[in-house]
Structures are given as structure tokens and as C-alpha cells.
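Undergrad: next one to model:
(chains A, B, C and D)
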Amino acid sequence: MTRKIATLLVGLMVATVSQALAADPIKIGAFFSLSGPAAAIGTPTKLVTMMAVEKINKEGGINGRPIELIQGDAESEPTKAVMVAKKFINVDKVAAIIGPDLTDLGMAVKKMVEDAHIPTVMTVGGDPVIMSGGPLGTCHWVFKSPQRSSTAVEKLYQYLQKNNLKKVALIISSTTFGKDGKTWLEKLAPKYGITITANESFGPKDLDMTAQLSKIAAGKPDAIVCWTTGPAGAIVSRNTKQLNIKIPLFQCHGLPDPKYIELAGAASEGNMMPATKLMAWDQLADTDPQKKVIKEFVHLYNDVYNYNTQFPINTHSGYAWDAIHIVADAIKKAGTDPAKLRDAIEQTKGYLGVSGLYNLTTEDHNGLGQDSMNMVRIENGKWKLIP
Amino acid sequence: MKHYLGLLVLAGVIIVFPLSVSNPYYLNVANIIGLNSIVVAGLNLLIGYAGQISLGHAAFYGLGAYFSGILTVTYQVNPIPAMLLAMLATGLIALLIGIPTLKLHGHYLVMATVGFNLIVNIIILQWDSVTGSPSGFPGIPNLKIGALVFDTDQKMYYLIWGLSFLIIILSLNLVRSRVGRGLRALHGSEPAASSLGVQTARYKVKVFVISTMFASLAGSLYAYYLTFISPKTFDIFFSIELVTMVIAGGIGNVWGALLGTVFFTTLPSVLDVFDEYKDIFYGLILVVILIFLPQGVLVGIKEYFFARKRSSDKDIQADDGGRVFSRGSSAAFCPPLGRISPDRTDDGVILSVRDVSINFGGIMALAQVSLDLFEGQVTALIGPNGAGKTTMINVVSGIHRPTEGSISFFGQEVKGKRSYYLAGLGLTRTFQNNQTFSNMTVLENVMVGLHAKTGKEFISSMFHLPGTGREEKAIEQRAWEVLRFFRLEDKGHWSASALSFGEQKRVEMARALAPNPRLILLDEPVAGLNMTETDEIAKLICDIRNQGISVLLVEHDMNLVMGISDRVVVLNYGRKIAEGRPQEIQKDEAVLAAYLGSVD
Amino acid sequence: MLRVEKLAASYGAIQALKGVSLEVNQGEIVCLIGANGAGKTTLLNCLSGVHAQRQGRLVYRGQDISGTNAQQRVKMGIVQVPENRQLFGPMTVEENLEMGAYLRGKTGRVGLAAEMEDIFRRFPILKDRRKQRAGTLSGGEQQMVAIGRGLMANPSLLLLDEPSLGLAPLVVKEIFRIIKGLREEGRTILLVEQNALGALTISDRAYVLETGRVSLSGPARDLMQDDQVRRAFLGQTVPEDEKPRPILGS
Amino acid sequence: MTTWDQFAQFVFSGLTTGSIYALIALGFCIIHNSTGLVNFTQVDFVSLGGLMMYTLFLGLGLPLPAAFVLGVLAVTAVGGLVERLTIRPARSREITVLIFITIGVSILMRGLFKIIWGKNQMALPSFSGDSPLIILGAAVLPQSLWIFVITLLVVGLLHYFFSRTRVGKAMRATSFNPRAAALMGVDVNSMILLSFALSGGLGAVAGILIVPITTLSYDVGVMLGLKGFAAAILGGYGNVVGAVVGGLVLGVLESIGAGMITSTYKDVIAFSILLLILFFKPGGLLGYGEKQKV
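TA: Here you go, the predicted structure:
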């Protein structure tokens, strides 16, 4: 509570300072799932957004103009997401939108922002939001800051290929995130000489996956790949240990999170997964140009804003930061005219973000390559980079 | 009249709103409200009028959306036929689900619909080859009628609210029709409704199907409006929200449901100002409304502003008991019979019960009882408590099926036939415990009585097809006639629940008499009435008989029984112990022993 | 012992009691007779505190008890054996009897052994049935359980509602014998009956209730002779001289 | 792993979750028997049990048994409060309205939990380690054994309470015939209060037991509660034995469905079977169901 008031006060102070600095703020709408099932993802994302905006404003804003952040709650629900986005566009008349945080919410608002010509940077995991053609419609105005699922899949498959793990069993959560991962896992397997021997699924709220895992174990694959977010991944890990399955377990890029180790406990030992550099940033070589950016981010997050007491830094933490900065940089270059702003975002080159080095193009509205990820392994309850 | 005014106001608001508020965001909110209002209108018919709760309507909403989406995108069907096909398919699924489900009661029904909702949700989520890309079903085109493309919030606004308005009219038409009265009657008292010819089981299924088709329509519109659908929208939490709108708005009230929809659709956005505390306020508001305004916000507001006088001013006149010998009720003896000659014997038998037995959990409630009722006579069935009188009435009126024996009505075997069927043949009844439909006016109560005599069903009623008005007028006219006969005409527009107990008894008789039955069963028509009221009922029964309608009377008031019956049948322990003229019965030793007990 | 003054109560829309006054003295059996719907059960429920009275006063052992609740009345010793037995069907005979002693705070066979034995001495048949579900007993046995359950509360004033209802004549006689026995033990009984003659035989005094009013009262023996009682049940005699309508078969 | 071992694995997994469903179903039953309601706050009693355990055990560092008992007692009190503050003052006795009051309270409670305990996932350690035991070829967690033992214990205690104690018998008597119970001097209102408190306690036990396996969040009870409701219906709503049987059957059904048929549609299988049972046996497996309470 006190922390909350403190943040509020800081916010107020910043607001007054920036007001004194210059009138006419730039409005940016940001909406995430603050309630509903995805609240645990949406809330920290919102906090990071606020942090990034305060930093920019404190440093003088964009070309002397402060950013005014308009917040909204997408309630983890597509209809509500559409309503909030409509409000941003028509009532608040924002220059750009950050969010939402879930793939299906992103898909629900995609057509609207495309029609309304509002540059939008989403923080969703799934790729369809930045794909075009057929039912997916156009993708001119929508960008996303987290890695594509395919990037994570390729990073993982490269590792499997290198270590000669060819027979892979999949256990996938029946959520949109899981299904998206599954699509790419199946599509990219041949490219890396991998065969998928089992295809199991589970609900995001299920308590027990031993049934699926014993079936998988019976097929004796070389590796088990689990694709999910949230606590279900930890249950898979625990069930694997319970059944004494020695086959290595790989999780997806949605799980690198201190919470995962907390929830899975000792069972997480040895689990591997693709992650952003944020997860083991202190182990990065000092020559890595990202290290400095991450260090600053972590300092603000942990020491200045103390967000880590409730939401310790995880692999997603930087996405909203990067989204804001990409937009801010583009406004700095091109102003708030929607078409110009969009073009500027699309031309973002070499932005060094928390989540990686962004190089956007007309074809790639994400801009992160495989070099933005690392494989990490849990050793002694710590995230370790796999060289 | 009230409804026309309401519709006029609604139409005005619908038209004026987009003119005064042109911002697409508010139109968008209004559109979501409109879509919900269509689902809620159907749900309100189901909950408020048929008395059935479904926590699975989000699934039907979803079926509409997905059927339309898949038909349009995958199979290139035009939106309008796709929408109609979706409604049809949803209705068909609802029919298949509804027939077994609506046999369930209470919580079982709730669970069955929850289960259905979960199943539909999982199938939509998992069957991705059909239901679209993993993260939902994108790329649904806007609705198009000829050259008119509904691609803006404003155009959709007029379409959605036009349809919502239409559906509200359809709901009001239905509610105020023969069918609607049947439904409300069935909600008020299922056995009573059935005894007046309402096919209760069939009606429940029909309303269920209609409500799901409304939901399907709204779902289709949703799909064409958002052009993207995903499973999360159609989960059981949305089902719960929809039912909340009905209940907190006002169960069984079309306007209340609309108000509930507006309120609970906008509430979450309004509560956004409370940030993290939003859910707490939402829950609190819901709880407070339901605790203090259990009949819903609309009725609650009305009662607040037009504080009604409570019946507490009815005073009780306590007089001394003491050794005052009461006069007893002075039931007038029936005047000579009218056009039907009472001399007829065998050929005058209209109902013949032969050797009927029935047992409940091992107890013989009726054992080999035979009984004849004659045309134009009042036959009384008497006996001490637990003798089986009410059981006999229930057997004759089709509520219980006898274990053995036969029953014929005008020569037709009717054993095991349902009450509504018997009502069609001209056999109606009243009930021991008042079963007036307290949710309806006196006039409407009597109009339900004419259900079996009339025939306009759901479609005619909803669309007010030609002939419906005429039938309705005829029903009303006849109902007024009957009310005049029962001297209730000045209270025709009163709520039945506002009447005194005695008047309610008369309403029940009027209701059963309205279709001009050939036989009427009266189960304790004067129980709980005072002497004046009893006299009145006695006269009425005589009048009924004088019109040629036969009466089977179960009653404890012996003055009445002995005064107006042509014949008395006495039951004791489920057996017939005597039968004859009143004078004979009063002297019958077996009867005396049964009633007064034995001295030794 | 108990004085009811101008008691009025309603039941939904029906005014069931319209100012009833009566008295029950220590050690008496007072019987309340009347046809169905006369308000007898409502009266007993008012006495037991499970039905709200609207007017009037209840004086028990010289104390106004109108404002007390059901529990307090049971504690004072006013115990009702309700109409139709109202047993806890799925519970055993023994458990039903224990429920009678609920307010006495004792529990189990041990704590209530003496009382239980007393009931079984009165109703030996129940001893064999003690482990049986009450709902499976015959009507007479159920009535015995109901009375036994009432006695477990150690009542000083026992309110019996239609104990003979639905029982075979022989069983009815047995029940009346038991009631008489209870009076001989010094218990006071208010008996509501439809079986008027049977009830009058064992009662000291009686009240006739007609449509919520006391229409007649007096010593039971006198009332037994009174034509008024007969009338209350079977109605006014149809005059023979007034030529009745032609009736079937006559 | 042989097929037999797999099967044993499915059954043990099913029994573990099934026991939890059974405990939750029991809570639903007890309130239904005293009031005729479906109490949706049962769901939050489960969550609250886990959350209290988190605070008492990890936050305040109480010893495990003490935290367990205190946690259960706290939720028991909350259960009583829910009845006292929302059900009793309600102006309507209409079942539908009362049920939606519990839905409103449920939303409210979840909102409070979210503020107090945050939105993030939490973990509680198992009662006695995570090294599985091999039983009949199946790997069973010690926590599962705790679940079996405590569920058995709770069912045993409940049985004792309802069949041996004065108050327990009075509660049963009230559910069978409230009018007669009132005539015996039983305070029916207190019995209803007690049934809410008892259900609170049962929900809390379920929550505390399962959370080390599932992880904890402010809404962990929602899905569990829904399955518990299904289990109660499956067994025959209001039937205490049915609740236990229903819970175990539903748990095993899910697990075997997932393992031997398809994990994708395991809930569809479980709920379809539930619907079929309802259609052909509308009172549930052991149900006298509705009839009993008329």
C-alpha cells in the first residue's frame, strides 16, 4: 500500500515537473490484462510501462514533450480489449498504443487499429498479430516486441540438433499460446531433422499431468518439450520428477521466471529453455552491448521501483519497456503524425533493448533475431547460460 | 398500454443516442450492450417465464458466432443465410440437449448446462482445423446486405439495436400472448398450468430453443461486428454474467432485464476508476442489490419511488370465542336443476372410475375404488383426513397414474393421460392449496383457463400473425364474461396476489370454468373461507351445475356438502365405504364411525 | 397452567385464528376438536413458538411467554408432538428419540440410558426397532416414536396434534390408552383431534374450534352428548320434510 | 513402464485429485442439505485455505500442524461470516436470488484475496518432501498419501460428527425436517450458520492439501470448485456418501480419459459422461437427490 502511494506520489511529481517542462503531452494508450486469468502477466507489464514512461519524462520527454500514459484494463477478454482500444482511439485520441498482452486479445483489436491507422506495439507471444494475408488481414500498423514463437522454437531446435536429440515428445497447454507454439514446433521439426513422437496436451488449470507424461515416457523419446505459460509448466516439471523420468525436459521461452523455480522446486533442476538475455544477464560477457541496457533496467526495476517484491524479473519483463522505447524513439524522429510515426517504427534499426537488438523491416514487424535469445538451464536453483 | 409507451421511449432513445453521441467508442459500448440484450431477452424468457436456469447460454452465443464465422469464411456462404443457418443449427442442438436436460430440476439442470458450456468451449478450443487459427478465428467479413456493408460502429449500431428492439417486441408479444400466459402459468404453478391445458414439458423445451436461437443471432452479429472470435468470450463466466443481468435486472420482466443488461455491461468499465479494487466493488454492488432488491433493480426503483401500501393495515378483529353456538354456514340448497334432466342414470355417466388402486411407497392410497359421475350432478367425495380424496382427484385429473384399474371419460379411456390432455377433453380442476398464478393479473389467470380452447402457438404469438389478435380478443372477452359471472370484473386488472384468500379461490374456479368444461373437480373450494364467502361459493357451485357442468367436490365443510350435493361418496383408508344421497350418508353407521371415531 | 387469551394468527392470506381463548389446568387432558381448517394446528404451532402470533397473550405458569422463542418454550416444558409424526425419516429410532432430548444437552446411549429405557418400557416394540430407520416403521410405530420423542424432552405440558391420524382403529385405541397413561403420571396434555368421540372419551374438558373461533366448550362428557359436535363434523341435518331433488336411484 | 504400471499411475493420480473433489463436494452437500443452495463461495473457501496456509506457514513461520489447524479454523470462521452477513439478511428466500448472492460474494472475496495476496503464483512446500514412493508400479507423491489419509480422516470425523454427536445429529435432523427440528428446540438458524462454517473448513482442508501439488494463486479454487460441484452432482446432490464417491469417480475418470483415450478432450469425456449419467439417472449415482429434500 505504502509502495503504491509512493509510486503515485512520484508519478504526480513527475507529472508536475513535466507539465512545467512543456505543455501538450503526447498521449500513448497502454492496456493489459489487469484482471481475469492473465492478471499476473498484465499487471507487471503495466508497471514496467509506467516505469519506462517516467524515465523518459524525467529525461525531458520526447523533443520536450512529456508522454501521457492512458491506462486500460483488457480483463483477459477479447470483447473488453476491443472496447478499451476503441476508447483509446476515439475518446483519448492517442498517438500510439502499447499492448495488449495476450495473443487472442491482440487478434481481436488488430483489424480495428489497422482500420483506424494507429501504430500499435503489442506485447503478445503469438505471431499471427504481425502476419498478414487471408483471414489474418493486413499487417501495416501492428508491431510486437516479444520474440516470435518461431524464433524460440528455432533456438530450441538448434540446441536439440547440436546435442543429437532427435525424437521429441510434445506436451502442450491447450491455450492460444500453447497452440501457437505447437504449430511452429511441428512446422520446423523437419528442418532440424527432428521427429515428433508424441503429442499430448493439458488444460492451463490442470492439477496433474502424470497421465500424459507416463504415456510419453512409454514412448522413450530423446527429449520432452513442454509449451505453456503459468504454473502448469511447473506441474509438468514436478510430475516428470515424480515419475522418475530421466529424459531431459525443455520448457518454452514463456517460462524463464524465478517463479518457475519457486513453483517447481527441486524438480526444476536441469530443466532447459530458451530465454531472453534478461534471465542470466550477469553472466553475459562484458562485451555484450546489451549488458549495460539490462543493468540499468534491472536497477530501476529492483532498486528504485521495488517491483521485484511482488513480481520478480522474468523473461517477459523487458517487452513493455522495449515497446515504449521503440515508439518514443520513432516519435522523436517523425513526430506524432500516424503515417510518419508508423514508418519510423518500421524503420527502427539497431535499437538496443532489454529483450534484444531490434531491427525492424517491412516484412518483420518484430525485429528480433535468434541472437536475442539464449538457452538457459536451471542449476542449483539459479539460471545458468548454456554456452 | 404501458408497453407501447415503453417501446416508444426505447425507440426514441435508440434513434436519438447516435445523433447526440457520435463518438465510435460510446457506440461500441452501446453495441456490446445491444448484443448482450438480445441474449438476455431470450434468457429472461427462459428464467422468468419458464422458470428454468441455464448457465450455458454463452455456449449458444459462441455456437452462433462460430457457425457464422466458419460458414462465411471457410464455406463462402453469404452472411445473412449463414446467420440463419447458424440459428437453425443452434436451435437443433438446443433441442437435442433440451429434451433430456429440461427433465432435470434445480441444481441438476444448472450443472447440465454448465457441463454443456465447458464441452462446447473445449471443442472450440481444440478443434483448431475447423475453428480457426490457434489464437482465435480471424478474418470474418463485415455483414453485407446488397451494397450496404455494415463496417462502422454506427451502421452496426442501427442493425444491432434494430434487432434488439425487434426481439424486445417479440418477447413482449410472446409474454402477452396465450403462449406467454401459459409460460408464466407454468412458472407460477406447473400442475395448475397443466390442468388448464398447458403442455408444460413441450413449452419448456420450446422456450429453451427460442432463447438459444436469440443467443445464436447475437453471437453471429458479434462475429460480423468484431470480425474476430476466440473461445474465451464464450466461457461459463460469461454465462454467469448473463444470468446475473437477468436476475439483478428483474426476473421475468422484459424491461428489467434490459436495465440489468445496460447496468452490468457498463459496470466494469465504470469501475475501472477503482483500479485494483474493481472486483471488490463489482461483487459488493451485486450482493447489495440482491440482498435489498431481490426482485431486481427495476422493481426496486419502482417500489422506492411509489412506496406501496403494505397489507399491514389489515386489522384483526378478535372477538370472544366462548359458548356462542355458531350458526353454521347457511348454504342455500340448490334450486331445481336447469336444462339437464337429473333422472338419467347409466347413459348419463360421464366419468367412470373402475377398480382404481394406487400405492405410494407401499402404502395403499386407493384400493379398488369405483366411482361414477353423472352428467349435470354435483358429486361430493368425503372422508376423514388421509382417506384418499385428494389422491382420487389427482388420479382423475391425470396427475397420478393409477397402479391398476381404468378411468373413462365420455367413453374414452383416459388412464395415464396427462392433465393438459384431459383439459382439452373438457376436464378441469381447482386445487386444495391455492394455486392462483400470483405472478399474473386476475384477468390473465382466467385467460390461461382458455388455453386448451385456443390454439395460437409460439410463432403466431411472437410475430403477431393474422388471427392472433382476433383470438386474443375472443379470449379476453370470454374471460371478462366469466369474471362477471364470478363478480370479479372490477378486479380484473389487479394482481392475483393482491386479492383476499376467498377471492383467490373464486379466481381459481373462474379459471377452471372459463373453457366451459364438461366436468370440473373442486378440491376443498371453501377451506379457509368465512361463512359469507362459503355461501357465495355454494351458490356458484349450484349455478355451475345449473349450466350443465358436472362437479366433483371434495370438501370438509359438511354443511356445504350436504346442502348442495346430489350424491355423496365416502372414502376411508382408501376404500369406498358408502355412497348415496346426503340424507342417507348422514345416517350411515359406517360413515359415523369413520368420522366420529368409536366410543369404546 | 396455561391460559390463552384472544390469540389471533394468520397463515398466509388466511386468518387462521380469530381470537381464541382457552385454559389448560395442571394434570388435565384438554381436547381441542374441530374439522379440517378450523385452526387447530396453527394454535399448537403458536403455543410452540414456531408460528408467529399476531395478537393475544399466552400465560404459562403465571408468566407471559408471548415473546419467547421455540427453544425457550421447549426448555419450559411445552413440547409438541406434531401432526403426521414429522419424524426424521432417514435417522434411526434411537436417534429420533435422542433428538427429543436435544435441549437437555445429553447425548448418546450412555447419557440418556435411563430415559431411553423408560420409553422402551412404554413402547416395547420400539426396543426391537431401535436401529431401524424411522421412516421404515409402520404408522402406529411411527406415532409411538413421535410421542416417545416428545417425552424425551421431559415435558410438563404435552401438545399432541392428531395422534390418531391415519392409524388403524386398533392402533388408535392403543394410542389413546397411552395418552391416558401419561395423564395418570401427572402430565398435562392438550390434545388436538379429529377423532372427536375417541378424544372426548379420554379427555377432562374440551373446546370445539370452528373456522378460527371457539364455538363451544365444556366438560368432555357433556360435549359427547351435544348435537353441536356432530354438526361440526357432519354438517346440518338435511331436513327430510323438505322434499329433496330427485336423486339417482331413489 | 508397463501398461499395468501406467494404469496404476492413472488410478493413483485420479484418486489424488478425486479426493480433493470429494472434500469440496462435501462442502457443497452440507450447505445444500441445510439450505437448498448451491454455495459458490465454496470455491473461495478452497483458495482461502491455501492462502492462509501460505501466510501462516511461510509468512509467519508457524509449525506445519499449527498452521494447518489455524488455517482451517480461520476459513471456518469466514464461512460462518458469509452466512451471517449475506445469506441471513437477504430479503428474499428465493433460491435463485440466494445463489447469485453467493456468486456476488465469491467475486468480492476473490477481489479481496487479490489485493491481500497479490496476483502472482505462489508455492507451498509439500508436507513431507517430494521423493515419490513406488506403489503397485505407480510413482506416488508423499503429498498424495497425505491427501488420502487426511481425506479419510475428515470423512471419518464427519461421519462421527453426524452420527454420534448431539449437534451433528441435530444438523442432520434439520436437513431432513427443519420444522420438526425446531419443535425439538433446535435453533435452525444456528444449524445453517454451522453448515456454512463446516463447509468453509472442508474447503480449507482441500485447499491446503492440494496447493503443494498445484501451486497457489488467489483463484486456485475456481476450477477445483467447479469440478467439486460436478462431483457432488455426479454422486447425487445432497448425498454425503455420493459426494465422496462422485469425487473419486470424477478424478479417476479424468485421469484415465487423459491417459488412455485423449488428453486433449479429457474434460469433454468427463463432462459428457456426467451429462449422460444425469440424463439416464437424473438423481446422480447414489442420488435420492431432489426427492429427499421435498
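Undergrad: show me where the chain has its strands.
TA: As the question left the chain open, I've gone with chain A. All strands of chain A, identified by DSSP state E, fall at A:26-32, A:67-73, A:96-98, A:120-122, A:142-144, A:167-173, A:195-202, A:223-227, A:249-250, A:272-276, A:349-352, A:357-359, A:373-379, A:382-385.
Undergrad: sorry, I should have been clearer: chain C.
TA: C:2-11, C:14-24, C:29-33, C:55-60, C:63-64, C:78-81, C:157-161, C:188-193, C:205-210, C:213-219.
Undergrad: one step back: make CSV out of the strands of chain A and add mean pLDDT and distance to chain C.
TA: (Each C-beta comes from the backbone N, C-alpha and C, glycine too.) Converted to CSV, the strands of chain A look like this (pLDDT from 0 to 100; distance: least, CB to the nearest CB, whole Å):
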stretch, mean pLDDT, distance to chain C
strand A:26-32, 96, 54
strand A:67-73, 94, 49
strand A:96-98, 96, 61
strand A:120-122, 97, 60
strand A:142-144, 96, 62
strand A:167-173, 95, 46
strand A:195-202, 93, 41
strand A:223-227, 96, 50
strand A:249-250, 96, 52
strand A:272-276, 95, 57
strand A:349-352, 93, 74
strand A:357-359, 96, 71
strand A:373-379, 94, 56
strand A:382-385, 94, 59
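Undergrad: contacting residues for whichever residue of chain B sits closest to chain A?
TA: Closest to chain A within chain B is residue B:139: 2.5 Å, counting by CB to the nearest CB. Residue B:139 sits next to A:134, A:135, A:136, A:137, B:73, B:227, B:228 when contact means CB atoms under 8 Å, 6 or more residues apart in numbering or on different chains.
Undergrad: which of the strands of chain C is buried the deepest?
TA: strand C:78-81 (a mean of 28; mean count of other CB atoms under 10 Å in any protein chain shown).
Undergrad: just send the strands of chain C back as CSV, with distance to chain A and mean pLDDT too.
TA: Conversion of the strands of chain C to CSV gives the following (distance: least, CB to the nearest CB, whole Å; pLDDT from 0 to 100):
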stretch, distance to chain A, mean pLDDT
strand C:2-11, 49, 90
strand C:14-24, 52, 88
strand C:29-33, 62, 92
strand C:55-60, 55, 92
strand C:63-64, 55, 92
strand C:78-81, 51, 94
strand C:157-161, 53, 94
strand C:188-193, 58, 92
strand C:205-210, 63, 88
strand C:213-219, 64, 88
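Undergrad: with distance to chain B added, can I get those strands in TSV?
TA: Shown next, in TSV, are these (distance: least, CB to the nearest CB, whole Å):
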stretch	distance to chain B
strand C:2-11	5
strand C:14-24	3
strand C:29-33	10
strand C:55-60	6
strand C:63-64	17
strand C:78-81	16
strand C:157-161	12
strand C:188-193	8
strand C:205-210	6
strand C:213-219	3
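Undergrad: counting neighbours, what do you get for residue C:227?
TA: Residue C:227 has 8 neighbours, counted by other CB atoms under 10 Å in any protein chain shown.
Undergrad: quick one: pLDDT of the residue nearest to residue A:295 when sequence neighbours are not counted?
TA: Leaving aside its chain neighbours, residue A:295 sits nearest to residue A:281 (7.1 Å; criterion: CB to CB, 6 or more residues apart in numbering or on different chains). Residue A:281 is assigned a predicted lDDT (pLDDT) of 92.
Undergrad: picking that back up, what's the closest of the strands of chain A to residue D:114?
TA: Smallest distance to residue D:114 across the strands of chain A (CB to CB): 12.8 Å, for strand A:67-73.
Undergrad: ok, that closest one near chain B or not?
TA: Yes - among the residues of strand A:67-73, A:72, A:73 lie within reach of chain B under CB under 8 Å from any CB of the partner chain.
Undergrad: can you give the contact residues for that strand?
TA: Strand A:67-73 is contacted from outside by A:25-35, A:42, A:46, A:49-50, A:53, A:56-57, A:61, A:80, A:84-85, A:87-88, A:92, A:94, A:99, A:324, A:328, B:272, B:278, using CB under 8 Å, 6+ apart.
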